[in-house]
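Participant: here's a sequence, model it:
(one chain, ligands or ions: 1)
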Amino acid sequence: MKRTSFRLRPWQKSDTTSLARYLNNKKIWDNCRDRLPFPYTEDDARTFIDYAVAQQGWNEFCIEIAGEAVGNISFMRGTDVERFNAEVGYWLAEPFWNQAIMGEALQEAMRIYGENSDIKRWFAQVYEGNRASMRVLEKVGFRQVAVLRKACFKNGDFMDLNYFECLKDEWTGK
Ligand SMILES: CC(C)(COP(=O)(O)OP(=O)(O)OC[C@H]1O[C@@H](n2cnc3c(N)ncnc32)[C@H](O)[C@@H]1OP(=O)(O)O)[C@@H](O)C(=O)NCCC(=O)NCCS
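Facilitator: Residues are numbered from 1 along each chain as shown. Prediction:
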């Protein structure tokens with residue numbers, strides 16, 4: 001199978017239309033926090049891009065394929081005693097699923113973010129049933145350390161939360 005090639009880059013204002021088109025997808029929203037708007041409009045896209053470009057350092061990685069913004073990888077640094085942790089979040093536009101893109105893209109984003117930040121640890125929280133996301137994390141080198149039972153409430157149901165971690169010093173995916 002021919003590999004679809006992607007590149008990682010910062011978000012830019014011209015991504016508004018493609019971001020709004022691809023992120024306005026309930027299958028993506030179902031696996032994200034409720035604070036992600038749905039339906040997802042061009043105003044929402046503008047708000048996100050304004051936020052992303054105003055960040056100090058690079059912590060929102062736009063995935064670009066054929067000149068279009070088709071996904072995001074975010075690193076959300078903790079505060080206080082958890083300030084050396086970064087929570088990883090990501091989504092990819094549905095037409096590109098299951099082509100090994102996120103596995104590769106996350107690996108590359110972690111390498112760049114890891115080299116440019118003093119964080120010690122990445123973690124990710126995956127909702128029950130999201131096998132593709134759990135597999136991405138396993139491929140990249142995360143370890144599942146817990147199932148937090150009924151820890152999240154989404155779409156009117158309590159669901160288990162699968163908790164994954166990866167220590168930067170132990171990570172061999174560089
Ligand atoms: C999760 C997501 C980013 C994966 O992106 P992707 O580019 O398709 O991921 P990859 O192709 O690198 O890897 C997916 C893996 O999951 C596997 N997979 C996909 N669907 C699966 C399923 N239903 N059951 C088991 N495995 C599954 C694929 O076979 C692949 O594994 P492999 O490489 O060993 O064959 C994408 O599906 C997405 O954006 N989902 C909605 C948002 C989301 O879930 N974000 C993460 C929140 S924690």
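
Participant: C-alpha only now, for contacts and for neighbours.
Facilitator: Noted.

Participant: for the ligand, what are the nearby residues on the protein?
Facilitator: With C-alpha under 6 Å from any ligand atom as the criterion, the chain comes near the ligand at residues 28, 31-32, 90-92, 97-103, 125-126, 131-133, 135-136.

Participant: in helices only, show me these.
Facilitator: Applying DSSP state H to those, the entries found in helices are 28, 101, 102, 103, 131, 132, 133, 135, 136.

Participant: adding neighbour count and pLDDT, write these out as TSV.
Facilitator: Shown next, in TSV, are those (neighbours: other C-alpha atoms under 10 Å; pLDDT from 0 to 100):
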residue	neighbour count	pLDDT
28	17	98
101	17	98
102	26	98
103	19	97
131	11	98
132	14	98
133	20	98
135	13	98
136	18	98
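
Participant: dump the residues you listed to TSV, plus distance to residue 62.
Facilitator: Converted to TSV, those look like this (distance: C-alpha to C-alpha, whole Å):
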residue	distance to residue 62
28	16
101	13
102	12
103	15
131	23
132	20
133	18
135	21
136	17
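
Participant: all helices for this structure, in order.
Facilitator: Along the chain, counting by DSSP H, helices occupy 16-23, 26-29, 42-54, 101-115, 131-140.

Participant: need those helices in JSON lines (columns: distance to residue 36).
Facilitator: Shown next, in JSON lines, are the helices of the chain (distance: least, C-alpha to C-alpha, whole Å):
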{"stretch": "helix 16-23", "distance to residue 36": "10"}
{"stretch": "helix 26-29", "distance to residue 36": "7"}
{"stretch": "helix 42-54", "distance to residue 36": "9"}
{"stretch": "helix 101-115", "distance to residue 36": "20"}
{"stretch": "helix 131-140", "distance to residue 36": "18"}
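
Participant: without its sequence neighbours, what residue ends up closest to residue 133?
Facilitator: The shortest distance from residue 133 to any non-neighbouring residue, by C-alpha to C-alpha, 6 or more residues apart in numbering, is to residue 126 (6.9 Å).

Participant: cool, and residue 9?
Facilitator: residue 62 (5.3 Å).

Participant: beta partners for the one you found?
Facilitator: For residue 62, the beta-bridge partners are residue 9, residue 72 (DSSP bridges).

Participant: so who does it touch?
Facilitator: Residue 62 makes contact with 8, 9, 10, 11, 69, 70, 71, 72, 73 under the criterion C-alpha atoms under 8 Å, 6 or more residues apart in numbering.
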